[in-house]
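In: please find the sequence and the predicted model below.
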Amino acid sequence: FNGAGELQDDAGSYGIFAQSVGGGGGVGGSGKLKGIPFGGSIPGCEICGKISFGWGVGLGAAGGKGGDGGAVTVDVEGGSIRTGGESSPAIFAQSVGGGGGIAGVTALSPLTTGGFIESVRGTAVGSGSASGSGGIVEVDYTGLIATTGDASHGIFAQSVGGGKKTAAKADLRSFGKAVTINFAGSLSATGEDAHGILAQSGGADGAGNVTVDIAEGSVVSGGKKGMTNNGAGIMIMDGASNMLTNAGTVTSAGGIKGVAVAHTGVGQLEVDNSGAILGDVLLGKNGRFNNRSGGRVEARLIDLGGNGVLSNEKNGVVYPGGDSRLGLTRIEGNLLTAGILAEDIDDAEADRVNVTGTAFLGGFVVPIISNIQQRSQQYTILSAAGGTTNQGITVEDTAVIDYQLLFPNPNDMVLGIELDFSASGLN
């Protein structure tokens, strides 16, 4: 596909809709009941937000007989897609096994039982109760994507199997297959509950790998935290051994106060960053974050599940608390650095990194000083609950400032500053 699309502000509008459903299901249709945010707010209403009629289904998005979803591929070069309505993703690519699909767009609460996954506000998206596996899903996109509505993701890609294993359904077969997204260009999702990219693989018997690649020079920005999610730049759900490779910029409308990358559910996520990641990184259990040469990280929280590793490689840069602002970065996991820790310093305050695990410290500390009043100062710039290991980390003096890195106890690294206005220091 090569072209552009401008959509109106209607809720439930899709820029590109690509779907394969095994065993029945499909799109449940739309129910526009404005001004009523949740079905539960209507006394005595048992089905509000749960029934949506349309082609392919009779109730919700429940499928009929079991079956496997087929492969779904979206390939766009030079595209331009803009949507403005609520629950209006620019690209929706889905393969569902066992029946299922989309329960419909409504202002009421969605039906979220029986394997459904709420992906956009007012919809239930996912698999039905019958046996079946999702197919391979791939999205290759070059160009512009812009969504402004709440819960309107830039790219939604999902492969899910149907059903839930019970004693009565021990022979159920349900797998999610591989989900791959390759993006080059500019993607902006600015609404509440809107992810820039949302990708998922899941099933009762297992999931495939989710792979996302952001090309050099590209920008992916999510929206704002809302009622149902954090509006991340990139959100990966479930999967197996998932990989995000970023050579562009990944962030959200909240900037460093928002969420850049997140993973939830089963599986694990590894991030390879040679671009810029601006915002929190929430990888969860066994998360691994490789900040490669040229990579830049500005985050208040890097959650690696307590046992994962942030590896800051040579010429990679971590800005604790963000560039040009005093702040704290908390790493829930372990730190291995051979790159640069850029430390903002303003008189009596300095950036700080708190690590819940261990810290192996090589590379450089680069102080960025905006104000110094005292001739001699010391700052605790890193503390690791599991202990620090000095692997040759250094800091370079300037013409008028002598620096020193100190390890006064097993857990802390301290930066010492001594102003030197002697003639030898000025020459």
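Out: Done, it's in.
In: residue contacts, Ser201?
Out: By C-beta atoms under 8 Å, 6 or more residues apart in numbering, the contact set of Ser201 is 134, 158-160, 176-179, 207-210, 238-240, 267. Where you see a C-beta, it was placed from the backbone N, CA and C, and this is true even at glycine.
In: make that Val139, sorry
Out: Val139 touches Thr73, Val74, Ile91, Ala93, Ile155, Ala157, Thr180, Ile181, Asn182, Phe183, counting by C-beta under 8 Å, 6+ apart.
In: tell me the bridge partners for the nearest residue to Gly306 once chain neighbours are set aside.
Out: Nearest non-adjacent residue to Gly306, counting by C-beta to C-beta, 6 or more residues apart in numbering: Glu332, 5.5 Å away. Under DSSP bridges, the beta-bridge partners of Glu332 are Asp303.
In: any idea how far the closest residue to Gly217 other than its chain neighbours lies from Arg292?
Out: In this structure, Gly217 finds its nearest non-sequential neighbour in Gly248, 5.9 Å apart by C-beta to C-beta, 6+ apart. Separation of Gly248 from Arg292 (C-beta to C-beta, to the nearest Å): 13 Å.
In: for His195, same thing?
Out: Where Arg292 is concerned, His195 sits at a distance of 24 Å (C-beta to C-beta).
In: out of those two, which sits in the more crowded spot?
Out: Each of His195 and Arg292 has its neighbours counted (other C-beta atoms under 10 Å); His195 has more, 32 against 20.
In: give me every residue that touches the residue nearest to Gly217.
Out: Ile214, Ala215, Glu216, Gly217, Ser218, Val219, Val220, Gly275, Ala276.
In: show only the entries of those residues found in strands.
Out: Among the contacts of Gly248, the ones falling in strands (DSSP state E) are Ile214, Val219, Val220, Ala276.
In: the second one pairs with what?
Out: Residues found in beta-bridge contact with Val219 (criterion: DSSP bridges) are Ser186, Thr249.
In: got it, and Glu298?
Out: Beta-bridge partners, per DSSP bridges, of Glu298: Leu278, Tyr319.
In: in the stretch 151-300 of the chain, which spans are strands?
Out: Using DSSP state E, counting those that start in this stretch, the strands found in the stretch 151-300 of the chain span residues 155-160, 179-189, 197-202, 210-214, 219-222, 234-238, 241-246, 249-252, 259-264, 268-273, 276-278, 280-282, 288-291, 296-299.
In: show me the shaky parts of the stretch 101-250 of the chain.
Out: 101-130, 163-172 (pLDDT under 70).
In: 80 instead?
Out: Scanning the stretch 101-250 of the chain for pLDDT under 80 picks out 101-131, 163-172, 228.
In: could you identify which of the strands of the stretch 151-300 of the chain is most buried?
Out: strand 155-160 (a mean of 30; mean count of other C-beta atoms under 10 Å).
In: measure stretch 382-401 end to end?
Out: This stretch, stretch 382-401, spans 20 Å end to end (C-alpha to C-alpha, to the nearest Å).
In: who touches it?
Out: By C-beta under 8 Å, 6+ apart, stretch 382-401 touches 334-335, 337-338, 341, 352-367, 369, 372, 403-405, 407, 410-413, 415, 417-421, 425-426.
In: can you rerun that using 7 Å?
Out: 335, 352-365, 367, 403, 405, 407, 410-413, 415, 417, 419-421, 425-426 (C-beta atoms under 7 Å, 6 or more residues apart in numbering).
In: in it, which residues are buried?
Out: Going by neighbour count (16 or more other C-beta atoms under 10 Å), the buried part of stretch 382-401 is Leu382, Ser383, Ala384, Thr388, Ile393, Val395, Ile401.
In: which ones among those residues are found in strands?
Out: Going by DSSP E, the strands hold Leu382, Ser383, Ala384, Thr388, Ile401 from those.
In: confidence score at the closest residue to Gly294 other than its chain neighbours?
Out: Leaving out its chain neighbours, the residue that sits closest to Gly294 by C-beta to C-beta, 6+ apart is Ser274, at 5.1 Å. On pLDDT, Ser274 comes in at 98.
In: count of neighbours near Ser274?
Out: Using other C-beta under 10 Å: Ser274 sits among 19 other residues.
In: isn't Leu405 up against Met413?
Out: Yes. With contact defined as C-beta atoms under 7 Å, Leu405 counts as touching Met413 (6.3 Å).
In: tell me which residues touch the residue nearest the centre of the chain, please.
Out: Nearest to the mean C-alpha position of the chain, by C-alpha atoms, centre = their mean, lies Val261 at 2.7 Å. Neighbour list for Val261: Ala232, Gly233, Ile234, Leu244, Val250, Val271, Ile277, Val281 [criterion: C-beta under 7 Å, 6+ apart].
In: any idea how far the first one lies from Ser221?
Out: Here the distance between Ala232 and Ser221 works out to 10 Å (C-beta to C-beta).
In: overlap in contacts of the two?
Out: With C-beta under 7 Å, 6+ apart as the test, Ala232 and Ser221 both reach Ser252.
In: ok, back up a step: farthest pair in the contacts of Val261?
Out: Ala232 and Val271 (12.5 Å; C-beta to C-beta).
In: nearest to Gly78, out of the strands of the stretch 151-300 of the chain?
Out: strand 179-189 (9.0 Å).
In: which other helices and strands contact that closest one?
Out: Where contact means 3 or more C-beta pairs under 7 Å, 6 or more residues apart in numbering; DSSP states H and E, strand 179-189 is packed against strand 137-147, strand 155-160, strand 197-202, strand 210-214, strand 219-222.
In: distance between that strand and the chain's centre?
Out: For strand 179-189, the separation from the chain centroid amounts to 12 Å (computed by C-alpha atoms, centre = their mean, to the nearest Å).
In: my guess is Val212 meets His195, correct?
Out: No. Counting by C-beta under 7 Å, His195 is not a contact partner of Val212; they are 11.5 Å apart.
In: looking at the contacts of Val261, spot the one nearest Thr148.
Out: Gly233 (16.0 Å).
In: show me what contacts that closest one?
Out: Applying C-beta under 7 Å, 6+ apart, the residues contacting Gly233 are Gly196, Val220, Ser221, Gly222, Val250, Thr251, Ser252, Ala260, Val261, Gly279.
In: identify the farthest-apart pair in those residues.
Out: Ser221 and Val261 (12.0 Å).
In: how about TSV for the strands of the stretch 151-300 of the chain, with distance to Ser87 added?
Out: Shown next, in TSV, are the strands of the stretch 151-300 of the chain (distance: least, C-beta to C-beta, whole Å):
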stretch	distance to Ser87
strand 155-160	10
strand 179-189	12
strand 197-202	12
strand 210-214	22
strand 219-222	16
strand 234-238	16
strand 241-246	25
strand 249-252	19
strand 259-264	20
strand 268-273	26
strand 276-278	26
strand 280-282	24
strand 288-291	31
strand 296-299	29
